[in-house]
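Colleague: Give me the fold of what follows.
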Amino acid sequence: MTRHIALIGLCASLFCGGLESRAFAEPQWDSSLRAGVAGGGTRSSPWQTTYFYGALNGDVLFGRSSSSDLGLGPFVDISTVGFSDLRLSAGPTLLVPLSSLVTQVSIGGYVIPTSPSAAGLHTQLFVGGRSYNYHANYSPSLGLVLGLDYGLSNNQIAMTGAVSIDLEYVAIPFLILYGTFRRGD
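Modeller: Numbering: from 1, shown residues only. A predicted model of the protein is given here:
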């Protein structure tokens, strides 16, 4: 009996010791402001009118432990096409590293809360920079986004193209101004 307990203890210490030395990837999250143009139309004539496109986007990626690793996780997006609607989108996103650039593909659904029949498929392709942050769970990004919203019941299509700027970069000028005025006190 004592041998069995000693053997179990030895196996447990070897197994637990191996777990302690392994590095487990922490989730990396990002938030960005997107601004660009959208072409609105129908399935038969996709780009009838040009609109402003704006969005706030956020995601969390799991499974990355370096800049060369794939990442998979959820995304959420609050956007507008021409300031005439508010679109809520969500779904899975996949990040694929390509040398110094990354490609991130997001496919999900969208809904326009003010119009119950306005729901559909939402897709985005992000190409730009997003490294793995070894010191924190936030990984800033900067790039270009192409998207397509495909209405399931209302025959509407919105094709979008935008610049994606990380909210951290947007906040830096305001933080500098705040620091400048704060020092004057």
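Colleague: I'd like the distance from the longest strand along the chain to the chain centre, please.
Modeller: Longest strand in the chain, counting residues (DSSP state E): strand 28-42. Centre-to-centre, strand 28-42 and its host chain are 11 Å apart (CA atoms, centre = their mean, to the nearest Å).
Colleague: List the buried residues of that strand.
Modeller: The neighbour-count check on strand 28-42 (16 or more other CB atoms under 10 Å) flags Gln28, Asp30, Ser31, Ser32, Leu33, Arg34, Gly36, Ala38, Gly39, Gly40 as buried. The C-beta positions use only the backbone N, C-alpha and C, and glycine is treated the same way.
Colleague: go on, stretch 156-164?
Modeller: Applying 16+ other CB under 10 Å to stretch 156-164 flags Gln156, Ile157, Ala158, Met159, Thr160, Ala162, Ser164 as buried.
Colleague: give me every residue that touches the second one.
Modeller: In this case it means Ile157. Gly40, Gly41, Thr42, Arg43, Pro46, Leu148, Asp149, Tyr150, Gly151 (CB atoms under 8 Å, 6 or more residues apart in numbering).
Colleague: So which of the residues you listed is the closest to Gly179?
Modeller: Among the contacts of Ile157, Asp149 lies closest to Gly179 (CB to CB), at 39.8 Å.
Colleague: Tell me if I'm right that that closest one and Gly120 touch.
Modeller: Yes. The criterion here is CB atoms under 8 Å, and Asp149 meets it with Gly120 at 5.9 Å.
Colleague: any common contacting residues for the two?
Modeller: Common neighbours of Asp149 and Gly120, using CB under 8 Å, 6+ apart, are Tyr110, Gln156.
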